[in-house]
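Student: mind folding the following:
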Amino acid sequence: MLSILFQQVGTAGLIILGILLVMSLFATTISFFKIFQFYSLNVGCSKEAQTALKEWLQGKSGPSCVAVTSSEAPLSKVVAALIDSQTRFPGDSQYAVNQASVVASRELDVLEKYLKFLDTVVQAAPMLGLLGTVIGMIEAFQLLGQSGGTAAPSELAGGIWVALLTTAAGLIIAVPFYFVSSWLDARVAHERDEMERLMRQAQLPNNKK
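Tutor: Model prediction:
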């Protein structure tokens with residue numbers, strides 16, 4: 001079975017399929033890692049952070065305010081930075097927002113890490129498949145030219161098969177990771193929006209003095 005596959009696909013086709021396989025393995029590993037990371041950091045869950053900031057702005061220091069100081073959730077870390085800064089420098093809401101912005105930037109960098117690779121896989125896989133298509137068609141037409149136009153369809157099938165196989169492989173890899181990458185990017189964008197909203201809320205006139 002493998003010998004037939006090697007014979008039909010050829011060296012160029014095998015190289016392309018090998019690259020696609022390696023890309024898919026890395027992309028799968030990163031996808032599971034990022035999904036687990038987002039779940040463990042409670043990405044998308046803003047209730048704790050919103051409650052803590054609301055209590056603080058009302059002049060309270062309830063359980064939520066204490067909880068955010070030890071939480072690993074990005075939004076909670078931003079709120080913890082706001083509370084800590086305003087505790088040390090009461091009334092200086094702009095300083096608190098600046099400190100929270102630093103924390104937010106650092107946390108977003110963590111969430112965005114490796115996502116560029118997924119985007120690269122989504123874009124590169126179809127192009128590699130297309131490259132295999134071109135190579136396969138070149139081999140088919142080269143054989144047709146060498147035979148003076150008398151090549152049997154079975155002799156042309158190898159090159160055409162390479163073209164179809166690599167194209168299909170590229171699309172099979174790109175499509176699922178497109179949805180995974182889009183979902184992860186959407187989670188990060190939502191987290192960024194929530195951070196900005198919390199920092200705007202901390203600048204309201206009725207914040208803790």
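
Student: report the contact partners of the residue most central in space within the chain.
Tutor: Closest to where the C-alpha atoms of the chain average out (CA atoms, centre = their mean) is residue 115, at 3.1 Å. Contacts for residue 115 (CB atoms under 8 Å, 6 or more residues apart in numbering) come out as 34, 181, 184-185, 188. Placement of C-beta: from N, CA and C, glycine included.

Student: can we see that at 10 Å?
Tutor: Listed by CB atoms under 10 Å, 6 or more residues apart in numbering, the contact set of residue 115 reads 30, 34, 180-181, 184-185, 187-188.

Student: one more: residue 107?
Tutor: By CB under 10 Å, 6+ apart, residue 107 lies in contact with 41, 43, 72-78, 81, 191-192, 195.

Student: what about it, distance to residue 73?
Tutor: 9 Å (CB to CB, to the nearest Å).

Student: which neighbours do those two share?
Tutor: Joint contacts of residue 107 and residue 73 (CB under 10 Å, 6+ apart) are 41, 43, 191.

Student: for PyMOL, write the select line for the buried members of the contacts of residue 107.
Tutor: Of the contacts of residue 107, the buried ones go into a single PyMOL selection, burial set by 16 or more other CB atoms under 10 Å:
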select buried, resi 41+43+73+74+75+76+77+78+81+191+192+195
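
Student: same list, the contacts of residue 107, but as JSON lines with pLDDT please.
Tutor: As requested, these are exported to JSON lines (pLDDT from 0 to 100):
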{"residue": "41", "pLDDT": "89"}
{"residue": "43", "pLDDT": "88"}
{"residue": "72", "pLDDT": "86"}
{"residue": "73", "pLDDT": "88"}
{"residue": "74", "pLDDT": "90"}
{"residue": "75", "pLDDT": "89"}
{"residue": "76", "pLDDT": "88"}
{"residue": "77", "pLDDT": "90"}
{"residue": "78", "pLDDT": "90"}
{"residue": "81", "pLDDT": "87"}
{"residue": "191", "pLDDT": "93"}
{"residue": "192", "pLDDT": "93"}
{"residue": "195", "pLDDT": "91"}
